[in-house]
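**Student:** got a sequence here, can you model it:
(chains A and B)
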Amino acid sequence: MKQIIIMVMLSISIFANITDELKKDLQNRSDKVVTILKNKNLSKEEQNSKIDATIKDMFDYELMAKLSIGKDGWNKLKTKEQEEYIELFTEHIKNSYYEKTHLLSDEKVDVTDAKETKSRVYVTTKIQGVKDTLELVYKFYRTKTDNWLVYDIEIAGVSIIQSYRTQFQEIIQDSNPLKLIEKLKELKKSYDDRKLLY
Amino acid sequence: MKFVFIFIFLTNITLFSNDNSEIFDNFEDEFKVEKKDDFDPLSGYNAVMTDINHIVYTKALFPLSRCYASVVDEDIRVALSNFFYNILFAKRFTNNLLQLKLQNSVNEDVRFVVNSTIGILGFYDPASQWLKLEKHDEDFGQTLGFYGIGGGFHIVLPLAGPSNLRDALSLSIDRYFDPVNFLESDQFIVSKTIYYLNDGSFKSDQYEILTKDALELYPLLKESYEQYRESEIKK
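**Tutor:** Residues are numbered from 1 along each chain as shown, chains lettered A, B, ... in the order given. Below is the predicted model of the structure:
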């Protein structure tokens, strides 16, 4: 009995520590990203690669890609196409993240809250702008290897994965799933073209 | 021994082959599946109006707003935005009250009194800065949503952008709470022009953030609007 109580206490304290740990970790990373963005000596390319190094092990890009296309869409792709899709999606979501953060460069980020539900932890951050506050919720899940990774972000109540899902389904329903890969390639090209303007 | 080996081997195969399926099943209830029969009777019109609005915003309104922002100092733009926000107090107060969010109505009341007096006719926002009183923006569409009335089909309004049946109809109620609507026609036009230019100077970046990586503009804006409204109603 004593052992059970100790185990329950331990697991509670481990869990409490995890929400605190994720909050602390996200605040650290957010502060680092803001510092990188404020460093005007760096080119945009340099800033992006530093941001990438700061945040990349926090996201499960592969899972985000799979959730965005959904089970049916995923199963319609052949293995080679699935690999290509994941690669293109990962690049797309990273580019999208960089471009969005560059537009938020003068803001202050505060991690305000962390909530636990089942094997998920939702960490809320608030970005203070000149006029309004923007709320971002980072959604973490526990991996099989006991890591905590982000699988979705909610921006002002809007889930980015759900938004991708709706758009991707529109493309897949109207034509074949390869059209999605083509569209992601087009977006990659337009991003690369914009990069030349830096 | 052989049995154990076969068992482990088979379990591994099953686990491996179910890996993706398991991933999807674990997360499936968190994301809704857009069905083909999603009731969107105006989808053709909506898609065209979304494209028209996009052109008007990106080619006319936002460039004008950016010119305006380059001439008018940010502090003045924030003050004007505060002013227009403050005069819509009655809408927020009433809708908080209709949703029985009494504390929020009281906060809105205090915010209005403080900002209209100490905040000089609402150009400043000491209620947020000093008293840390949060804004509780509520409109009639949110009130109907609070009482369980769904959004209905999606409607894209000219200039105003994404909306739905419930929210579009609610605008006819909300307009009675906006003092600008009771001005003489020339004063009304001047006020609305200043409002849209000023508002656009803040919203252009937000719109750009949202639409820059769009694969399909109409589904993206529709989904974002509906999700945003749902989350506002739940607050």
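
**Student:** for chain B, give me its nearest residue in chain A.
**Tutor:** Closest to chain B within chain A is residue A:157: 2.6 Å, counting by CB to the nearest CB. (C-beta placed from N, C-alpha, C; glycine too.)

**Student:** and the next helix or strand past the lowest-mean-pLDDT helix or strand in chain B?
**Tutor:** Here the helix or strand of chain B ranked lowest by mean pLDDT, DSSP states H and E is helix B:2-28, holding a mean of 56. In the C-terminal direction, the helix or strand that comes right after helix B:2-28 (DSSP states H and E) is helix B:43-55.

**Student:** what packs against that next one?
**Tutor:** Here helix B:43-55 touches strand B:154-157, strand B:161-164, helix B:217-234, going by 3 or more CB pairs under 8 Å, 6 or more residues apart in numbering or on different chains; DSSP states H and E.

**Student:** hmm, try it at 7 Å
**Tutor:** strand B:154-157, helix B:217-234 (3 or more CB pairs under 7 Å, 6 or more residues apart in numbering or on different chains; DSSP states H and E).

**Student:** that helix: which residues count as buried?
**Tutor:** Neighbour counts using 16 or more other CB atoms under 10 Å in any protein chain shown place B:43, B:46-47, B:49-50, B:53-54 of helix B:43-55 among the buried residues.

**Student:** then stretch B:109-116?
**Tutor:** B:111-112, B:114-116.

**Student:** ok, back up a step: most tightly surrounded among the helices and strands packed on helix B:43-55?
**Tutor:** Among the helices and strands packed on helix B:43-55, ranked by average contacts under mean count of other CB atoms under 10 Å in any protein chain shown, first place goes to strand B:154-157 (a mean of 21).

**Student:** for that one, the distance to its chain's centre please.
**Tutor:** 13 Å (CA atoms, centre = their mean, to the nearest Å).

**Student:** over to stretch B:200-218?
**Tutor:** 13 Å.

**Student:** ok, now stretch B:57-76?
**Tutor:** 21 Å.

**Student:** now check it, is it near chain A?
**Tutor:** Yes: Stretch B:57-76 reaches chain A (CB under 7 Å from any CB of the partner chain) through residue B:74.

**Student:** quick one: mean pLDDT for that stretch?
**Tutor:** The predicted model gives stretch B:57-76 an average pLDDT of 94.

**Student:** end to end, how far does that stretch reach?
**Tutor:** 22 Å (CA to CA, to the nearest Å).

**Student:** contacting residues around it?
**Tutor:** A:130, B:77, B:196-197, B:200-201, B:204, B:207 (CB atoms under 7 Å, 6 or more residues apart in numbering or on different chains).

**Student:** just the element for residue A:36, please.
**Tutor:** With secondary structure defined by DSSP H and E, residue A:36 is part of helix A:2-38.

**Student:** show me what the helix or strand following that helix is packed against.
**Tutor:** Per DSSP H and E, the first helix or strand lying C-terminal to helix A:2-38 is helix A:44-55. Packing contacts for helix A:44-55, counted by 3+ CB pairs under 7 Å, 6+ apart, involve helix A:2-38, helix A:79-103.

**Student:** at 10 Å instead, please
**Tutor:** Here helix A:44-55 touches helix A:2-38, helix A:79-103, helix A:178-195, going by 3 or more CB pairs under 10 Å, 6 or more residues apart in numbering or on different chains; DSSP states H and E.

**Student:** out of these, which comes closest to residue B:103?
**Tutor:** helix A:2-38 (27.0 Å; CB to CB).

**Student:** show me what contacts the closest residue to residue A:95 other than its chain neighbours?
**Tutor:** Nearest residue to residue A:95 in three dimensions, chain neighbours excluded: residue A:191, at 4.7 Å (CB to CB, 6 or more residues apart in numbering or on different chains). Residues in contact with residue A:191 (CB atoms under 10 Å, 6 or more residues apart in numbering or on different chains) are A:91-92, A:94-96, A:98-99, B:212-213.

**Student:** what helix or strand is residue B:77 on?
**Tutor:** Residue B:77 belongs to helix B:74-86, assigned by DSSP H and E.

**Student:** pull the CA atoms of the helix or strand just after that helix into PDB?
**Tutor:** Note on helix B:74-86: by DSSP H and E, the next helix or strand toward the C-terminus is helix B:89-98. The C-alpha trace of helix B:89-98 is given here as PDB (Å, rounded to 0.1, in the frame of the first residue of the first chain):
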ATOM      1  CA  PHE B  89     -19.100  50.100 -25.300                       C
ATOM      2  CA  ALA B  90     -22.900  49.700 -25.300                       C
ATOM      3  CA  LYS B  91     -22.700  46.700 -27.700                       C
ATOM      4  CA  ARG B  92     -20.200  44.900 -25.400                       C
ATOM      5  CA  PHE B  93     -22.000  45.800 -22.200                       C
ATOM      6  CA  THR B  94     -25.400  44.700 -23.500                       C
ATOM      7  CA  ASN B  95     -24.100  41.400 -25.000                       C
ATOM      8  CA  ASN B  96     -22.100  40.500 -21.800                       C
ATOM      9  CA  LEU B  97     -25.300  41.200 -19.900                       C
ATOM     10  CA  LEU B  98     -27.500  39.100 -22.200                       C
END
